[in-house]
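**Q** Whatever this is, show me its structure:
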Amino acid sequence: MAEMKEWIQSADWAKEKHVPVIELESATKGKVVQAKVTVGKQIPHPNTTEHHIAWIELYFQPEGSRFPYLLVRVDFATHGASTDGPNTSTVYTWPTLSCSFSTEKSGFLVALSYCNIHGLWQGSAELKLV
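**A** Sure thing, here's the model as predicted:
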């Protein structure tokens, strides 16, 4: 039987366009944490009808917690297609998301992104509250 962990790929985001990159703007206990996730930060990912990022999910696992919390999921639904066919529209959604949340504990953030051709990709970041 296949397990999901076998399907998830990861790499250095500076060399691989599929890896979601997590950036944190604030990390103060009792304050709102601002997180931004981008796919293709260093090397742009294609955004065509045939090859695109379909969605990104962002999870947070507080220290001492067995399971993570799903903070946000964003579906990117427009990739240049129209009733005239693939890549005929001028409207495209781009694989970035912003999320605000609060926590009293440090922990880890994990982002998953899904490329319609190359599958699931993971990026992570540590959240250290001060």
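**Q** any idea how far the residue lying farthest from the centre of the chain is from G40?
**A** Checked against the mean C-alpha position of the chain, the extreme residue using Cα atoms, centre = their mean is D84, at a distance of 30.3 Å. As defined by Cβ to Cβ, to the nearest Å, D84 lies at a distance of 26 Å from G40. For the C-beta atoms, the positions are set from N, CA and C on the backbone; glycine is no exception.
**Q** that older thread, just the pLDDT for the residue farthest from the centre of the chain.
**A** Per-residue confidence (pLDDT) for D84: 95.
**Q** Check the one 10 residues further on too.
**A** If you check W94, the pLDDT there is 94.
**Q** That one: what's it in contact with?
**A** If a contact means Cβ atoms under 8 Å, 6 or more residues apart in numbering, then W94 has 47, 76 as its contacts.
**Q** Check P46 too.
**A** H52.
**Q** How about L97?
**A** In this structure, L97 makes contact with 36-37, 56, 58, 72, 74, judged by Cβ under 8 Å, 6+ apart.
**Q** Which of the residues you listed are buried? Put it as a ChimeraX command.
**A** Buried residues within the contacts of L97, by 16 or more other Cβ atoms under 10 Å, are selected in ChimeraX with:
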select :37,56,58,72,74
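**Q** Could you export the contacts of L97 as CSV, including distance to T96 and pLDDT?
**A** Listed next are these as CSV, based on distance: Cβ to Cβ, whole Å; pLDDT from 0 to 100:
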residue, distance to T96, pLDDT
K36, 7, 97
V37, 7, 97
I56, 8, 98
L58, 11, 98
V72, 12, 98
V74, 8, 97
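**Q** Can you flag which of the contacts of L97 belong to strands?
**A** Using DSSP state E to define strands, the subset of those located there is 36-37, 56, 58, 72, 74.
**Q** nearest to T28, of the residues you listed?
**A** Nearest to T28 among the ones in strands among the contacts of L97: K36, at 16.9 Å, using Cβ to Cβ.
**Q** Run through who's touching stretch 112-124.
**A** Contacts of stretch 112-124 (Cβ under 8 Å, 6+ apart): 7-11, 13, 16, 18-22, 37, 39, 45, 50-57, 59, 95, 108-111.
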